[in-house]
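1. How does the following fold in three dimensions:
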Amino acid sequence: MSNPYFKFKKFTVFQDKCAMKVGVDGVLLGAWTPLENSMHILEVGTGTGLISMMLVQRSNAFIDAIDIDKQAIFQAQQNINFSPWRNRIQLSEISFQEYVQKTASKYDLIVSNPPYFVNSLKAPSVSRTQARHADTLSHSELIELGNQILKPTGNICLILPVKEGLKCYLHALELNMGCQQLVFVYPRIELPAKRLLLHFSKEDAVTRVSKLVIETTHRHQYTPEFKTLVSDFYLNL
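-> Next up is the predicted model:
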């Protein structure tokens, strides 16, 4: 799903001005991620900056956003420059591995809509391959490295396909991380879940498991719970 008019509360991004690509996964993560006591956030793999721009308006946080793709950083900077929150988002073209080695920061929250294909056919474009494949940063590595730069009360929030998400969940448990929430996301009620929203913490937790259905039995007819979650961000839904 994409929409050329994406509302940032009192600010609207138009695709003829900004390179803002709006997809369901990013919108879900940006709208769902718990932000309580999150003043310093890191987004890994920012793409066009969508999730960072959603989180910054839902909080008083300062956000560091990184990506290894030069063109993605260029597009994200364009989008952020058109927004009222340009002073609260800092972009860097750098891999997460290198960033963890160099940074002295500790984060309240790390958020990512990471590449999700593992050992699958590559796209012809290098940037598209990086955006869709987990070869340069595995999901396990994302959790392990993220854990190193979290504050003791810090959290990691991700969205992944269900199979990869469950593997990531098991790996986080092996690292003695707590899982606060698992939300199975269904495209429609009669279809199997396609995505998993995951909320990890450094603290022990009893995992809350729930589900979210995006559409009713008809295309583009959205469920009340989905509308409630994302309505602040769409002009038309």
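2. Before we move on, what's the pLDDT of Pro114?
-> Note on Pro114: pLDDT of 89.
3. now Leu229
-> Reported pLDDT for Leu229: 95.
4. Look at it and give its secondary structure.
-> Here Leu229 is recorded as helix under DSSP: H, G, I helix; E, B strand; the rest coil.
5. now the helices for the chain?
-> Listed in chain order, the helices of the chain (DSSP state H) span 24-32, 50-57, 70-81, 96-102, 126-132, 139-148, 162-174, 224-230.
6. Output those helices in JSON lines; the columns should cover mean neighbour count and distance to Pro187.
-> Quick note: C-beta positions are derived from backbone N, CA and C, even for glycine. Converted to JSON lines, the helices of the chain look like this (neighbours: other Cβ atoms under 10 Å; distance: least, Cβ to Cβ, whole Å):
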{"stretch": "helix 24-32", "mean neighbour count": "21", "distance to Pro187": "9"}
{"stretch": "helix 50-57", "mean neighbour count": "26", "distance to Pro187": "20"}
{"stretch": "helix 70-81", "mean neighbour count": "18", "distance to Pro187": "26"}
{"stretch": "helix 96-102", "mean neighbour count": "15", "distance to Pro187": "29"}
{"stretch": "helix 126-132", "mean neighbour count": "15", "distance to Pro187": "19"}
{"stretch": "helix 139-148", "mean neighbour count": "19", "distance to Pro187": "22"}
{"stretch": "helix 162-174", "mean neighbour count": "17", "distance to Pro187": "12"}
{"stretch": "helix 224-230", "mean neighbour count": "15", "distance to Pro187": "10"}
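7. and the residue nearest to Arg188 when sequence neighbours are not counted, what does it touch?
-> Counting by Cβ to Cβ, 6 or more residues apart in numbering, Glu215 is the residue found nearest to Arg188 once chain neighbours are left out, at 4.8 Å. Residues in contact with Glu215 (Cβ atoms under 8 Å, 6 or more residues apart in numbering) are Pro187, Arg188, Gln221, Tyr222, Thr223, Phe226.
8. which among the residues you listed end up buried?
-> Pro187, Arg188, Tyr222, Thr223, Phe226 (16 or more other Cβ atoms under 10 Å).
9. how about the fourth one, what does it touch?
-> Translated: Thr223. Val213, Ile214, Glu215, Thr216.
10. tell me the phi and psi of it?
-> Phi and psi for Thr223, reported as degrees, to the nearest 10, are phi -70, psi 160.
11. how far away is it from Thr103?
-> 40 Å (Cβ to Cβ, to the nearest Å).
12. Show me the shaky parts of the chain.
-> 1-21, 116-135 (pLDDT under 70).
13. let's go with 90 and repeat that
-> 1-24, 82-85, 114-137, 203-205, 217-220, 231-237 (pLDDT under 90).
14. would a markdown table of the buried ones among the contacts of Glu215 with distance to Val24 be doable?
-> Below are those laid out as a markdown table (distance: Cβ to Cβ, whole Å):
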| residue | distance to Val24 |
| --- | --- |
| Pro187 | 9 |
| Arg188 | 13 |
| Tyr222 | 11 |
| Thr223 | 13 |
| Phe226 | 9 |
